[in-house]
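1. sequence plus the predicted model coming up.
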Amino acid sequence: MENSGSDGRPPFAHQLLKGQKALVTGANSGIGKATAIGLGRVGADVVVNYVAGRDAAEEVVREIESFGVRAYAHEADVSREDEVADMVSRMVGEFGTIDVMVANAGLQRDAALVDMTLEQWQKVLDVNLTGQFLCAREAAKEFMRRGVVPEVSRSAGKIVCMSSVHQIIPWSGHVNYASSKGGVQMLMGTLAQELAPYRIRVNAVAPGAIRTPINRSAWDTPEAEADLLRLIPYRRVGDPEDIANVVAALASDLFDYVVGTTIYVDGGMTLFPGFATGG
């Protein structure tokens, strides 16, 4: 098509984040991997954070570099204050600054309430919630130091918090995970309110059922997928690229007036399809 790029996207899509510097946590697999690659595809230089699995992270780096932008992998545990600070400091040293922080790293440690250990509870909160706080804080320091650079972006910086439909949908057997994502919802809104006067935009993306390793058992057999589809009005399971596309757009100036918003990318799961036939 005359008006499309080689991958079918409009030509301008390849320049959405041209010249910007992005950091994606938990970026060597699943949603984080797709997001890091997606940001590179639209012109950003990308830091690929991981906590384990260096080979996979380096593969992501090579794919990002194939778009003609810069990338490198950085090992850091987002629940460790010193490691997050060092990660952002290195990025500023190597790339000059940071424009986009995608706080994506997350995990599950599932158990029924009466069987859940304090370690299982604390680990999920440490990574899923405290990790996002630490990443947002370190990015905001650099955004505020540098301010708006009009030729790069209309904002001083963008923070995208990766949440979940379970910030509003209770999830029996996953109290630690659901609580962490409920916390992300309030973290994001409060940061958005506090940082907006500095022209820093904070928003969240809330995936529904996405084909990732973390939830493989929910979709990797025809029977499991059929059960899952009952919860999705759009009748398909999402792909990591569905999330990556939204993050790229949200981090761009196309969404410059969007502040403190959660975008649900869930095929309609939050429409509570169980009520479609009555309530």
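-> Sure thing, it's come through.
2. the stretch 101-250 of the chain: helices as residue ranges?
-> According to DSSP state H, counting those that start in this stretch, the stretch 101-250 of the chain carries its helices in the segments 118-125, 131-146, 175-195, 222-229, 240-250.
3. need the ones you listed in a markdown table (columns: mean pLDDT and mean neighbour count).
-> Quick note: C-beta positions are derived from backbone N, CA and C, even for glycine. Shown next, in a markdown table, are the helices of the stretch 101-250 of the chain (pLDDT from 0 to 100; neighbours: other Cβ atoms under 10 Å):
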| stretch | mean pLDDT | mean neighbour count |
| --- | --- | --- |
| helix 118-125 | 98 | 15 |
| helix 131-146 | 98 | 21 |
| helix 175-195 | 98 | 20 |
| helix 222-229 | 87 | 12 |
| helix 240-250 | 98 | 22 |
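4. Gly43 is nearest to which of the ones you listed?
-> helix 240-250 (9.5 Å; Cβ to Cβ).
5. sorry, back to before: of all the helices of the stretch 101-250 of the chain, which one is nearest Val42?
-> helix 240-250 (5.0 Å).
6. residues contacting the closest residue to Ala244 other than its chain neighbours?
-> Spatial nearest neighbour of Ala244, excluding adjacent residues (Cβ to Cβ, 6 or more residues apart in numbering): Gly38 at 3.3 Å. Residues near Gly38 by Cβ atoms under 8 Å, 6 or more residues apart in numbering: 241, 244-245, 247-248.
7. where do the strands sit along the stretch 51-200 of the chain?
-> 71-75, 100-103, 157-162, 200-207 (DSSP state E, counting those that start in this stretch).
8. and among the ones you listed, the most buried is which?
-> Mean neighbours per residue, mean count of other Cβ atoms under 10 Å, is largest over the strands of the stretch 51-200 of the chain for strand 100-103, with a mean of 30.
9. may I have the lowest-mean-pLDDT helix or strand in the chain exported as CSV, CA atoms only?
-> Lowest on mean pLDDT, DSSP states H and E among the helices and strands of the chain sits helix 222-229, with a mean of 87. The C-alpha atoms that make up helix 222-229 are tabulated as CSV, following Å, rounded to 0.1, in the frame of the first residue of the first chain:
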residue,chain,number,x,y,z
PRO,A,222,-7.8,-26.3,23.4
GLU,A,223,-9.7,-27.1,26.5
ALA,A,224,-8.0,-24.4,28.6
GLU,A,225,-8.4,-21.8,25.8
ALA,A,226,-12.1,-22.6,25.5
ASP,A,227,-12.6,-22.0,29.2
LEU,A,228,-10.6,-18.8,29.0
LEU,A,229,-12.6,-17.5,26.0
